[in-house]
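> Build the 3D model from these lines:
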Amino acid sequence: MTKKQEQLNRDSEIEKIVQDALKDSYHYENMNCYGTHYFWVKTANKFSAIFDKDFNTFVEKVRDTASAYRNHLIANKYNTYKREVQLKEVA
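Residues are numbered from 1 along each chain as shown. Modelled structure (predicted):
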């Protein structure tokens, strides 16, 4: 696999994580901000909830955390996100 293909695969996996996290996100009207507990629920000791009042900034924080989350899965020898998704689809 070429470096370009590896980068495309990495970007695709991160985008899938971002989409899952955004599906699990909310707009908290009482606090006037967006938030998700997606990464915290998956790894309580590693990642915290994400909140921001600006939606674009919120999405950037989610994207940065998605990349770190993917790296965390790989570093801890968990199945890659792609395999995790495939297992969910089979189950």
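
> For the rest of this, base every contact and every neighbour count on C-alpha atoms.
Noted.

> so who does the residue nearest to the spatial centre of the chain touch?
Centroid-nearest residue in the chain, with CA atoms, centre = their mean: Ala66, separated by 3.3 Å. Counting by CA atoms under 8 Å, 6 or more residues apart in numbering, Ala66 makes contact with Ile14, Ile17, Val18.

> List the ones among the residues you listed that fall in helices.
Counted as lying in helices by DSSP state H, out of these, are Ile14, Ile17, Val18.

> and the residues you listed as a markdown table, adding pLDDT, neighbour count and distance to Met31?
As requested, the ones in helices among the contacts of Ala66 are arranged in a markdown table below (pLDDT from 0 to 100; neighbours: other CA atoms under 10 Å; distance: CA to CA, whole Å):
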| residue | pLDDT | neighbour count | distance to Met31 |
| --- | --- | --- | --- |
| Ile14 | 92 | 23 | 28 |
| Ile17 | 93 | 24 | 25 |
| Val18 | 96 | 22 | 23 |
